[in-house]
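> Pasting the sequence and the predicted model now:
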Amino acid sequence: MKRIIGILAATTAIAGFAATANAQECGELTIASMNWQSAELAAAVDQFILNNGYGCSAEIIQGDTVPTITSMVEKGDPQIAPEGWIDLVPEVVQAGLAEGKIIGGAKILSDGAVQGWWIPKYISDANPDIKTIEDALKHPELFPDPEDAAKGAVHNGPQGWGGTVVTSQLYKAYGAEAAGFTLVDTGSAAGLDGSIAAAYERQQGWVGYYWAPTALLGKYEMVKLEHGATLDMAEWKACTSNADCAEPKKNDWPKDTVQTLIAKPFADVAPAPVLDYLNKRSWSNATVNGVMAWMSDNQATGEDGARHFLQENEALWLDWVSPEAAEKIKAAL
């Protein structure tokens, strides 16, 4: 019995040493969780996979786009920003890349962050000819103004949002007022969400500004309208996104690049399989929307959402990790 106990103790000690060695190989690191739901989910997924699959000791810290990326460039901390909206701070990101302070990993949103004008899928299904903004503006009767059913309505976001400015400019550029539409100020993010929810509950028409990834689009299926125009970035900067421009032209809405950023000092010492994972890990807006909708319905945390994602989407994340890491992650789940 003493010998058996001794063997078990030795085995446990060896296993513990191996676990410590693995942790030391990957080391301690910090992962930035931005102050919105999709970034919280991404950070939690990375923490679970890196800790359980690759023996890292990863801690999540709270941050926001500008201070987080600036800190990565200047201090090398945090080590990973899973959901970096790099188009929001292009100068900081480009300088960091050029100076070798940060490196780019996978584009975590494979189809990019999407903004634009949307309509409910049931309206799209019933009216397959409506594919563009101009198509929708031909049918004010399908998108009634809640205050005046004789007119159509384009629902806008709250004041202070960049998307609200762009929607106001596109409203002018596409001649929506002349087409019989009013521009509705929904007042707040909750008001905008509520207008979509109310339309869905009544199976009524709705057209207006929204974006992805969001939990709401995971709950209410919407179709993004095409702009029927080629993206002109000079026009975008000078007029489409500028409220002071009096005569905006029709224009497309650029997608935001959402990419994982890695601090160079960590990348220099991180195990190759860890970097391989960070260069592969990518999901679609539809996938994230669905998980966030589940999180909202269940009042779930990012950690809860990560477990739900990993349990329900094994075929997706198995392509991100090594076979050895996959077995460890499955066991942890």
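Received, thanks. Computed from a prediction, not measured in an experiment: that's the story for all the values here.

> C-alpha only now, for contacts and for neighbours.
Fine.

> Could you report the pLDDT at Ala18?
Listed pLDDT for Ala18 reads 38.

> ugh, typo on my part, it should be Ala189
So, for Ala189, pLDDT stands at 91.

> now do the one 4 residues further on
We have a pLDDT of 95 for Asp193.

> Okay, and it sits in which element?
helix 189-202 (DSSP states H and E).

> Return the alpha-carbon coordinates of that helix using CSV.
Taking C-alpha atoms only, helix 189-202 is exported to CSV below (Å, rounded to 0.1, in the frame of the first residue of the first chain):
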residue,chain,number,x,y,z
ALA,A,189,-29.6,52.7,-28.2
ALA,A,190,-32.5,51.2,-26.3
GLY,A,191,-35.0,53.2,-28.4
LEU,A,192,-33.4,52.0,-31.6
ASP,A,193,-33.5,48.4,-30.4
GLY,A,194,-37.1,48.8,-29.2
SER,A,195,-38.2,50.1,-32.6
ILE,A,196,-36.9,46.9,-34.2
ALA,A,197,-38.4,44.6,-31.5
ALA,A,198,-41.8,46.4,-31.9
ALA,A,199,-41.8,46.0,-35.6
TYR,A,200,-41.0,42.2,-35.3
GLU,A,201,-43.7,41.7,-32.7
ARG,A,202,-46.2,43.2,-35.1
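
> For Trp85, give the beta-bridge partners.
Counting by DSSP bridges, Trp85 is bridged to Val258.

> For the remainder of this discussion, apply numbering that starts at 231.
Sure, I'll start numbering at 231, so the last one becomes Trp315.

> give me the element Leu280 is part of.
Assigned by DSSP H and E, Leu280 falls in helix 267-284.

> Can you give the distance of that helix from its chain's centre?
Taking C-alpha atoms, centre = their mean, to the nearest Å, one finds helix 267-284 lying 14 Å from the centre of the chain it belongs to.

> picking that back up, which secondary structure elements does the helix holding Asp423 sit against?
When contacts are defined as 3 or more C-alpha pairs under 8 Å, 6 or more residues apart in numbering; DSSP states H and E, helix 419-432 packs onto no helix or strand at all.

> State the next helix or strand along the chain beyond that helix.
According to DSSP H and E, the helix or strand after helix 419-432 is strand 438-442.

> between that next one and helix 267-284, how big is the angle?
Here the directions of strand 438-442 and helix 267-284 differ by 10 degrees (axes from the mean of the first three to the mean of the last three C-alpha atoms, to 10 degrees).

> Can you tell me what sits against the helix or strand just after strand 438-442?
Downstream of strand 438-442, the next assigned helix or strand under DSSP H and E is helix 445-449. Residues outside helix 445-449 that contact it (C-alpha atoms under 8 Å, 6 or more residues apart in numbering): 423, 516, 518-524, 526.

> most neighbours, which of these?
Met522 (28 neighbours; other C-alpha atoms under 10 Å).

> Report all helices and strands that the helix or strand hosting that residue contacts.
Applying DSSP H and E as the criterion places Met522 in helix 515-527. On a contact count with 3+ C-alpha pairs under 8 Å, 6+ apart, helix 515-527 meets helix 267-284, helix 445-449, helix 532-542.

> Could you pull up the mean pLDDT of the shortest one?
Helix 445-449 comes out with an average pLDDT of 94.

> now stretch 278-294
Stretch 278-294 comes out at a mean pLDDT of 95.
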